[in-house]
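Chemist: When you get a sec, could you give me coordinates for this:
(one chain, ligands or ions: 1)
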Amino acid sequence: MPEPSLRSRLRAETRPAHERLDASFAGLAEGDPTDYGLFLRMNEACHGAIEPLLAASPLAAARPRSAAGDLHAAALADVEAMRLRRIVPAAFPLAKPTLAQSLGIAYVVEGSKLGARQILRRLRKAADEETDRLPVAFLERAAGGADGFKAFLEMAETLVATRAEQDVAVEAADATFGYFLDVVRRAGAGDERGGRVN
Ligand SMILES: C=CC1=C(C)/C(=C/C2=NC(=C\c3[nH]c(/C=C4\NC(=O)C(C)=C4C=C)c(C)c3CCC(=O)O)/C(CCC(=O)O)=C2C)NC1=O
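Modeler: Residues are numbered from 1 along each chain as shown. Predicted structure coming up:
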């Protein structure tokens, strides 16, 4: 039996966490402003925590162009445009990720760009008065990087040579999904208005 690829393991073994996260945003593609605001706040908080950590990781040296890009700035611009309250996240669980851990974290960030591309397409299709008012700096920036997913995965396969390193990468990816979920939970009960400041 050939060894399963890193990609197939990442996808299969993070599926439960990915589905839980997805289920937190049932109305997102229809442009529900509460779900959309939560999505932006989650991304602002998570990318704010993850980008500096990946930039300082061994992955930044292996791949000069940052794997994460500057999604944080775009998410922050949208959160401010909607006058939403920022979520104060916990510390990211992997403070100094190894190369294999960095690849697992970056898998979630890079894959989320595919999600962003899909959400942006559906918002544009919905194109009504409500969705037309939503700020889309984050979605546009993220969707613009979606084509890099395949190249990222190919690079990741070459950098993760052993089954044990695969285990480490998969665990880090799952922890990253867990972090996004934790941030969503922190956004909080009793926050039905999507965290609007006023
Ligand atoms: C939150 C709602 C939420 C939505 C609305 C959502 C939608 C989609 N995510 C997709 C793919 C992936 N998404 C992620 C991670 C996150 N996606 C995100 O949007 C956030 C926020 C993520 C991580 C935090 C990853 C690692 C993959 C690659 C999986 C693989 O290895 O194939 C696709 C497929 C798109 C296509 O194939 O063109 C769709 C439609 N996913 C969500 O969690």
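
Chemist: from what I can see residue 77 touches residue 136, true?
Modeler: No. Checked against C-beta atoms under 8 Å, the pair residue 77 and residue 136 is beyond contact range at 10.2 Å. Every C-beta, even on glycine, is put in place using the N, C-alpha and C of the backbone.

Chemist: Show me what from the chain comes close to the ligand.
Modeler: Within the chain, the residues that sit near the ligand (C-beta under 6 Å from any ligand atom) are 10-11, 18, 21-22, 25, 28, 107-108, 111-112, 114-115, 118-119, 180.

Chemist: mind checking how far the residue nearest to residue 3 when sequence neighbours are not counted is from the ligand?
Modeler: Residue nearest to residue 3 in three dimensions, not counting chain neighbours: residue 163, with 6.5 Å by C-beta to C-beta, 6 or more residues apart in numbering. As judged by C-beta to the nearest ligand atom, to the nearest Å, residue 163 and the ligand stand 19 Å apart.

Chemist: Please report how far residue 163 lies from residue 94.
Modeler: For residue 163, the distance to residue 94 equals 20 Å [C-beta to C-beta, to the nearest Å].

Chemist: In this protein, which residue sits nearest the ligand?
Modeler: The minimum distance from the chain to the ligand, using C-beta to the nearest ligand atom, falls at residue 111 (2.2 Å).

Chemist: you'd agree that residue is up against residue 149?
Modeler: Yes. Applying C-beta under 8 Å, one finds residue 111 in contact with residue 149, separated by 6.6 Å.

Chemist: With that, I have no additional questions.
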